[in-house]
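**Student:** predicted model and sequence follow; I will ask about them next.
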Amino acid sequence: MAATTSKNFVLRFFYFAFACLLYSIWRAVDLLVQIELTGEYEQTPLVTAENTLTLLKKEIGIG
């Protein structure tokens, strides 16, 4: 979890809302990938940070 020392409520709220948005997008992508590949949804994610970073390293050279 990222730490911020800002006392600005708007900035802290933005960080929180942005993190929630990213998490929701990640879970939605994972749900769609699982449905497409297996036809069912399990709670254990298929799309992990490790898988994503490996793919980015292979395709784009990031990392």
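**Tutor:** Happy to help now that I have it.

**Student:** who's in contact with the residue nearest in space to the middle of the chain?
**Tutor:** Nearest to the geometric centre of the chain sits residue 26, at 3.9 Å (Cα atoms, centre = their mean). Residue 26 makes contact with residue 47 under the criterion Cβ atoms under 8 Å, 6 or more residues apart in numbering. Where C-beta positions appear, they are placed from N, C-alpha and C, glycine not excepted.

**Student:** switch the cut-off to 10 Å
**Tutor:** 45, 47, 48, 49, 52 (Cβ atoms under 10 Å, 6 or more residues apart in numbering).

**Student:** okay, the third one: pLDDT?
**Tutor:** In this prediction, residue 48 carries a pLDDT score of 87.

**Student:** residues near it, how many?
**Tutor:** Using other Cβ atoms under 10 Å, residue 48 has 12 neighbouring residues.

**Student:** check the fourth one too.
**Tutor:** Residue crowding around residue 49 was assessed by other Cβ under 10 Å; the count is 9.

**Student:** and it, how far from residue 14?
**Tutor:** 22 Å (Cβ to Cβ, to the nearest Å).

**Student:** the third one now?
**Tutor:** From residue 48 across to residue 14, the span is 26 Å (Cβ to Cβ).

**Student:** how about residue 58?
**Tutor:** Taking Cβ to Cβ, one finds residue 58 at 33 Å from residue 14.

**Student:** then residue 37?
**Tutor:** 34 Å.

**Student:** hmm, residue 53 is touching residue 62, no?
**Tutor:** Yes: shown here, residue 53 and residue 62 form a contact pair, counting by Cβ atoms under 10 Å, at 8.0 Å.

**Student:** picking that back up, got a pLDDT number for the residue nearest to the centre of the chain?
**Tutor:** You'll see residue 26 listed with a pLDDT of 90.
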